[in-house]
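[1] here's my sequence, what's the structure:
(one chain, ligands or ions: 2)
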Amino acid sequence: MSKKSTVPSLDFYQNNSNIKWVVLVASVLISISSIYYTNILVDQLKDRERQQVQLYAKAIEYTANDEGTGDVNFIAQEILFQNNSIPIIQVSDSNKVLSSRNVDVDDTWSEKKRNSFLKQEMQIMRETYEPIKVTLRDPQTGEVFGTQFIYYKNSFLLKQLIAYPYIQLSVIAIFGFIAYLAFNYSKAAEQNRVWVGLAKETAHQLGTPLSSLMAWVEVLRDDPDMKHKGTVEELEKDIQKLRIVTERFSSIGSIPTLKKENIVSLINNVVNYLRPRVSSRVRMEVFTLSENIFANVHAPLFEWVIENLSKNAVDAMGNSGLIAIKVLRGNEGKIFIDISDTGKGIPRSKIDQVFRPGFTTKKRGWGLGLTLAKRIIETYHDGKIFVKSSEENLGTTFRIVLNAA
Ligand SMILES: Nc1ncnc2c1ncn2[C@@H]1O[C@H](COP(=O)(O)OP(=O)(O)O)[C@@H](O)[C@H]1O
Ligand SMILES: [Mg+2]
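    Ligands and ions are numbered 1, 2, ... in the order given. Predicted coordinates:
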């Protein structure tokens, strides 16, 4: 039910999250197809390597069987030496290593070391592929006089091809992640400058008419003929309120200095200010076990947050209900402030969005109250603010967590 915003810049957040999904889905598709395609290549190369080893086995059979004919022998030798990439170990049927090719054995190794190394390699090869059987026959009688086995494993080229898409995708992912962080950082920095600039400018512009209003009130107060003393007092109260608003804007535009304050009395200030201004059927109560709970806060900004949350609570309740503000000391030096209402609640699917700039369900809402509250609590006070619970048509509880002083 989110209101169609008339402010184009606020819609940006909605589009932005769609773009994120598109990018995410596209990258997953590209990754999957890249891995799939490389797998096809790997399978083809595997087939080819097996054929090569089979040919190698045949060549061994020929050279062993056909001692006389030089031609066949020559071709067979050619085949044997053509293989310069697939690691191969040739063993007798009693498992004795007869020869090896493309296996990294060092000539300086002792016989024993060499043999145990080759045995190990053989084990690895046995786990990778079924060995190829070589049958040795007597060329005259055709009688079988021995069998041998050719063990082999993937060539270095094939190993690289298997690993390649993963290495490539990881590099791209790392690069993409860094680019994303950089982009986000610069976006956040820009948003910050806009916030700060706008707030400072507002405070600045309010300042001039405000000091002149204060001067005018002084003039009225000093006038002995002034008949409306009550009016002047009301005027002063409103000016006081305007000064607070100005101070809030000017504080959010600079890094506010925190002071040790009594949280309970700050909350009571806000509640006492709001109580006469909301419907008489909305009750506002503050509950606490101690009247002395202290935290380092910037009083005007903290009061602003409480006011914002209370106003939202009032809006959620329509005409009547209870706003309960509980202040409690948690363990590990934390202070919890729970603001509960008996209003309409927030639908589960919207809970994640309420702190986003521009999210509002109100006709005249700007959707900035909670964004500001989050910024004030988390950026300036190193605290936390979140929806603790919300039940549709039953009510909502927002929780603020501060560090105790
Ligand atoms: N106590 C609450 N109960 C129900 N919904 C709430 C409550 N507080 C905030 N919301 C929802 O979050 C939205 C954003 O709140 P806010 O940032 O203060 O902007 P605005 O008050 O201008 O709409 C509100 O429009 C409302 O839908
Ligand atoms: Mg609001």
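[2] dump the residue contacts of residue 88.
    53, 56, 100-103, 150-152 (Cβ atoms under 8 Å, 6 or more residues apart in numbering). Yep, even glycine has a C-beta here, placed from its N, CA and C like the rest.
[3] and with 7 Å instead?
    Shown in contact with residue 88 (Cβ atoms under 7 Å, 6 or more residues apart in numbering): 53, 56, 100-102, 150-152.
[4] what of residue 335?
    Here residue 335 is in contact with 263, 293, 295, 327, 329, 402, 404 (Cβ under 7 Å, 6+ apart).
[5] helices or strands next to whichever strand or helix holds residue 295 in the packing?
    Per DSSP states H and E, residue 295 falls inside strand 294-297. If you count contacts as 3 or more Cβ pairs under 7 Å, 6 or more residues apart in numbering; DSSP states H and E, strand 294-297 packs onto strand 259-262, strand 395-403.
[6] give me the buried positions along it.
    295, 297 (16 or more other Cβ atoms under 10 Å).
[7] give me the mean pLDDT for it.
    Strand 294-297 carries an average pLDDT of 96.
[8] just stretch 132-143 next, same as before
    Mean predicted lDDT for stretch 132-143 stands at 84.
[9] try stretch 206-221
    Taken as a whole, stretch 206-221 has an average pLDDT of 90.
[10] got the CA positions of it in CSV?
    The C-alpha coordinates for stretch 206-221 follow below in CSV (Å, rounded to 0.1, in the frame of the first residue of the first chain):
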residue,chain,number,x,y,z
LEU,A,206,15.4,29.7,10.3
GLY,A,207,17.9,31.5,12.5
THR,A,208,17.4,35.0,11.2
PRO,A,209,13.6,35.3,11.5
LEU,A,210,13.8,33.5,14.8
SER,A,211,16.1,36.0,16.4
SER,A,212,14.0,38.8,15.1
LEU,A,213,10.8,37.2,16.5
MET,A,214,12.5,36.9,19.9
ALA,A,215,13.3,40.6,19.8
TRP,A,216,9.7,41.4,18.9
VAL,A,217,8.4,39.4,21.8
GLU,A,218,10.7,41.4,24.1
VAL,A,219,9.3,44.6,22.7
LEU,A,220,5.7,43.4,23.3
ARG,A,221,6.5,42.2,26.8
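[11] list the buried residues in that stretch.
    Buried, per 16+ other Cβ under 10 Å, within stretch 206-221: 206, 210, 213, 217.
[12] before we move on, what about stretch 148-158?
    Residues 148-155, 158 are the ones in stretch 148-158 that count as buried (16+ other Cβ under 10 Å).
[13] my read: residue 399 touches residue 386, true?
    Yes: between residue 399 and residue 386 there is a contact at 6.0 Å, judged by Cβ atoms under 7 Å.
[14] circling back to that earlier point, output the contacts of residue 335 as JSON lines; include the columns distance to residue 44.
    Formatted as JSON lines, the contacts of residue 335 follow (distance: Cβ to Cβ, whole Å):
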{"residue": "263", "distance to residue 44": "71"}
{"residue": "293", "distance to residue 44": "72"}
{"residue": "295", "distance to residue 44": "68"}
{"residue": "327", "distance to residue 44": "70"}
{"residue": "329", "distance to residue 44": "69"}
{"residue": "402", "distance to residue 44": "64"}
{"residue": "404", "distance to residue 44": "67"}
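[15] and the helix or strand harbouring residue 316, what does it pack onto?
    For residue 316, the enclosing helix or strand under DSSP H and E is helix 299-317. Helices and strands touching helix 299-317, by 3+ Cβ pairs under 7 Å, 6+ apart, are helix 229-252, helix 263-274, strand 334-340, helix 369-374.
[16] nearest residue to whichever residue of the stretch 301-405 of the chain sits closest to ligand 2 in space, please, no chain neighbours.
    The stretch 301-405 of the chain approaches ligand 2 most closely through residue 369 (2.9 Å), counting by Cβ to the ion. Leaving out its chain neighbours, the residue that sits closest to residue 369 by Cβ to Cβ, 6 or more residues apart in numbering is residue 308, at 4.3 Å.
[17] ok, the one you found - contacts?
    369, 372-373.
[18] any idea whether the residue nearest to residue 265 when sequence neighbours are not counted is helix, strand or coil?
    Spatial nearest neighbour of residue 265, excluding adjacent residues (Cβ to Cβ, 6+ apart): residue 291 at 7.7 Å. Three-state call for residue 291 (DSSP: H, G, I helix; E, B strand; the rest coil): coil.
[19] for ligand 1, see how far away the residue nearest to residue 369 is.
    According to Cβ to the nearest ligand atom, to the nearest Å, residue 308 and ligand 1 sit 6 Å apart.
[20] could you do residue 88 as well?
    Taking Cβ to the nearest ligand atom, one finds residue 88 at 70 Å from ligand 1.
[21] can you give me phi and psi for that residue?
    phi -140, psi 140 (degrees, to the nearest 10).
[22] which non-adjacent residue is nearest residue 304?
    residue 248 (5.1 Å).
[23] pull the contacting residues for that neighbour.
    300-301, 304.
[24] do the same with residue 279
    319-320.
[25] ok but it is inside a strand, no?
    No: going by three-state DSSP, the assignment for residue 279 is coil, not a strand.
[26] quick one, grab the pLDDT at it.
    Value for residue 279, per-residue pLDDT: 90.
[27] then the one 5 residues further on?
    Reported pLDDT at residue 284 in the predicted model: 96.
[28] now it: how far from ligand 2?
    16 Å (Cβ to the ion, to the nearest Å).
[29] quick check: bridge partners of that residue?
    residue 323 (DSSP bridges).
[30] now for the protein, the helix or strand with the poorest mean pLDDT.
    Here the helix or strand of the chain ranked lowest by mean pLDDT, DSSP states H and E is helix 70-82, holding a mean of 71.
[31] tell me the helix or strand right after that one.
    Immediately after helix 70-82, counting by DSSP H and E, sits strand 88-92.
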